[in-house]
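Student: sequence unavailable; structure follows:
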């Protein structure tokens, strides 16, 4: 889909609507929905940078803007603050996702980077009730957030460190433990870790922005397959379609490795059929957290 966007991110398939949703994070910040059966393409402008969103069971969205989490009703455009970010203004809320129980997680982006290469004022949050609980600190750019099909492993990255970490996740409490390195990029990799998803067999699909690659890793971290893409800056994949067999990939026109083949094709949303199928995403359940204030 030729949408010519600056920073496409967070593709999510809606089975109820049979539609693909995603965001353009900035320039300008927008939420998009495309319905393949009709070709309808709907756009909702956002008031500031949008990192991502998740669906709620009632059809509304929980949206991560730079400065907080907002409840958003697309038919009416009603946008209301649920919880403000506790972080300084230069650290923006960023990539987000729900785990298999419907618990909400969100990372951050420290805008002092890359001018300050040591900047790491961000974190990963878990939403407990209406409280953002810090769970992983010293984050510069959060990416790679995904959950295993059984809901017992969380994957998350801090892009400048060039690794993806895996964590044991307690489905009942949302507690993380057992942090370990799941993937490390090689010295010859010119690209950077960006968004990810998992398939029904537990494969972890990772985009390498600036390297025109989509990689599938097995649950033990072994590289299973590399798909070379016709565009250089993939940002995040998501399975969709009636049978969850289509893998949609967003992209960015940011100037990352501008000499990479396919740089001039960035900015669209692309689709491929890799042979695996995805996992239905669990909508946000705000009543779930065992840590919610009482």
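Tutor: Arrived safely, thanks for sending. The shown structure was predicted, so the numbers you read here are calculated from the model rather than taken from an experiment.
Student: strand partners (parallel or antiparallel) of the helix or strand hosting residue 168?
Tutor: Assigned by DSSP states H and E, residue 168 belongs to strand 163-169. As defined by DSSP bridges, the strand partners of strand 163-169 come to strand 153-158 (antiparallel), strand 176-184 (antiparallel).
Student: show me how far that strand is from its chain's centre.
Tutor: Its chain's C-alpha centre and that of strand 163-169 lie 15 Å apart, by C-alpha atoms, centre = their mean, to the nearest Å.
Student: rewinding a little: can you lay out the strands paired with strand 163-169 as JSON lines showing distance to residue 99 and mean pLDDT?
Tutor: Every C-beta, even on glycine, is put in place using the N, C-alpha and C of the backbone. Putting the strands paired with strand 163-169 into JSON lines (distance: least, C-beta to C-beta, whole Å; pLDDT from 0 to 100) gives the following:
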{"stretch": "strand 153-158", "distance to residue 99": "7", "mean pLDDT": "98"}
{"stretch": "strand 176-184", "distance to residue 99": "11", "mean pLDDT": "98"}
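Student: of these, give the one that comes closest to residue 109.
Tutor: strand 153-158 (10.7 Å; C-beta to C-beta).
Student: so how far is that closest one from its chain's centroid?
Tutor: 11 Å.
Student: circling back to that earlier point, need the winner for burial among the strands paired with strand 163-169.
Tutor: strand 153-158 (a mean of 24; mean count of other C-beta atoms under 10 Å).
Student: excluding chain neighbours, what is closest to residue 8?
Tutor: residue 250 (3.4 Å; C-beta to C-beta, 6 or more residues apart in numbering).
Student: which residues outside the strand or helix carrying that neighbour are in contact with it?
Tutor: Using DSSP H and E, residue 250 maps to strand 246-251. Residues from elsewhere that reach strand 246-251 (C-beta atoms under 8 Å, 6 or more residues apart in numbering): 5, 8-11, 13, 20, 22, 195, 205, 207, 214, 229, 231, 233-240, 266-274, 276, 278.
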